[in-house]
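all I have is the shape, not the residue letters:
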């Protein structure tokens, strides 16, 4: 289970890092700039959450896998943008999946660290949307999420499922899955018919 | 006294959140974006201070009242901008009051956490001006406070009163009040004749 | 040795603060804005590193010397820009020296705090480049370092020397010096022939 969660977390980091790298390539950054954006987009949400709940050093800093996965995503996007182009639909799917996973995992981590349940949901949402905010600010653009709210609302809905399920003492696996699937579904429908 | 301080702190959060929400409405953000700006403007100063002095999780994260007050301010500003318009003068008054309170409360919290007195004053100032900086950066504007220095100087003056009074072992209530009133007065005069 | 390190750290802070102050003057900020940029450029890298490794309060907050040195640099740049102009070459030299020192010192601090060696090098690099990123973001410019990668690569090379030397149990003074000199040399050559 631990291994599965880490694997899913790293998969989420990878797709968010791809979004950062793609934005960097579009802004004609050099390789180094692209890699910085990859790491920021893939990890800023989790780092912000960890700093705010007092879990220092943040997982993305103490565990080198997050850096490796971010650099891999950035390198692929920089050297082989064509691959990203072809994988466009899968990447969007992964992005929705990453959002769901980050929102749910972030909420649970906040609860584990004893945060007030009312605040655990926004922290889960922050985990999901923080990377995109960092990516946009580094490129001096108003964060997309401030204008495209469905992204944040999907994350918040998934986080709320975890908080409510946890308050009702429902089984952790079930509420985690439900929250992630709800977030994924909302995001996916918004992409489909938005 | 504790209750009174919390109430004043939340009042300060409310008026700063109003400033964030108003900026969001003027930039034509949707409701979600307006609420994010409300929370950022109302709480970024205190969160930055708490992270820097090692008081994690920050009060604005561990106590849900700050979130509730920020969302209330954001919702009002979004749905009833006319109310903000009519309350313009009171809001400016509250804003000056909030600045004074944040500067003074931030300084005292830094002293309580054992910070060097010389550094407690800038941390108090940061508590007062941090929200406005976060608000402006999220909208990719150069922070207003970098150009309108009277705002920061009023906060710094209030913070300095607390540091000096504390070093002289004067009664805490008296120096808190004096610092807040001095900051409020400087800010108010600057609005009046600036 | 401790004293020497602190002196070098403060020298690095001073030159980075000068770069922030100069950017502030060029953007026609008032004295207060220039001082904020001085402090941010001189200390944001070290503060970010300390927050990420859990060393709170950060050195730049707990020790008032960093603030004093930053304010001195900002005041000089604001009132006597001509001095900065005349000292242009020395300042660039100091800037390269500051980068080397920050990268090396940041890496060692991360290792001392038990960070994974693979992550200590990027944290050292962040110490060196974080101030410039904060300076540029406050002026809503895309961080220079994202486009001028030699700056970051020099910092990373210096940091890597410390990590590798530390893993091989080489003497600390030797690897510190080598890392700083390597970073300084790369940066200097890039200025000379870049």
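In hand now; what should we look at? None of the values given here were measured: they were computed from a predicted structure.

what's downstream of the worst-scoring helix or strand of chain A on mean pLDDT, the next helix or strand?
For chain A, counting by mean pLDDT, DSSP states H and E, helix A:81-86 ranks last in confidence among helices and strands (a mean of 74). Next helix or strand after helix A:81-86 toward the C-terminus (DSSP states H and E): helix A:88-112.

wait, does that next one contact chain B?
No: Helix A:88-112 stays clear of chain B (CB under 8 Å from any CB of the partner chain), getting no nearer than 8.8 Å. Placement of C-beta: from N, CA and C, glycine included.

mind listing what's buried along the helix or strand just after that helix?
Next along the chain after helix A:88-112, taking DSSP H and E as the criterion, comes helix A:117-138. Using 16 or more other CB atoms under 10 Å in any protein chain shown as the test for burial, helix A:117-138 gives A:117, A:119-138.

ok, and which of those reach chain B?
Answer for the buried residues of helix A:117-138 near chain B (CB under 8 Å from any CB): A:119, A:122-123, A:133, A:137.

make TSV from those and add distance to residue A:145 to it.
Formatted as TSV, those follow (distance: CB to CB, whole Å):
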residue	distance to residue A:145
A:119	19
A:122	13
A:123	15
A:133	6
A:137	11
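
which stretches of chain A have low pLDDT?
For chain A, applying pLDDT under 70 flags the ranges A:1-2, A:87-91, A:194.

within range of chain B, give me the residues from it.
Looking at chain B, the residues of chain A close enough under CB under 8 Å from any CB are A:51-54, A:56, A:113, A:115-116, A:118-119, A:122-123, A:133, A:137, A:140-143, A:145-147, A:149, A:152-153.

buried only: go through those residues for me.
Here, 16+ other CB under 10 Å leaves A:51-54, A:56, A:113, A:115-116, A:119, A:122-123, A:133, A:137, A:140, A:142-143, A:145-146, A:149, A:152-153 buried among these.

just give me the residue right at the centre of chain A.
residue A:128 (3.9 Å; CA atoms, centre = their mean).

wait, it touches residue A:102, no?
Yes: in terms of CB atoms under 8 Å, residue A:128 counts as a neighbour of residue A:102; the distance is 4.3 Å.

could you tell me which residues touch both of these two?
A:45, A:155 (CB atoms under 8 Å, 6 or more residues apart in numbering or on different chains).

before we move on, back to that, please report how far the residue nearest to the centre of chain A lies from chain B.
13 Å (CB to the nearest CB, to the nearest Å).

list the contacts for that residue?
Contacts of residue A:128 (CB under 8 Å, 6+ apart): A:45, A:98-100, A:102-103, A:106, A:152, A:155, A:158-159, A:183.

cool, residue A:159 as well?
A:103-104, A:106-107, A:120-125, A:128, A:179, A:183.

repeat for residue A:47
Here residue A:47 is in contact with A:58, A:60-61, A:130, C:52 (CB under 8 Å, 6+ apart).

ok, residue A:14 touching residue A:42?
Yes: counting by CB under 8 Å, residue A:14 touches residue A:42, with 7.0 Å between them.

and those two? which has more neighbours close in?
Using other CB atoms under 10 Å in any protein chain shown as the criterion, residue A:14 and residue A:42 rank with residue A:42 on top: 34 against 20.

what is the neighbour count of the residue nearest to the more buried one when sequence neighbours are not counted?
With sequence-adjacent residues excluded and distances taken as CB to CB, 6 or more residues apart in numbering or on different chains, residue A:42 is closest to residue A:17, at 3.4 Å. Around residue A:17 there are 32 other residues, counting by other CB under 10 Å.

cool, thanks, signing off.
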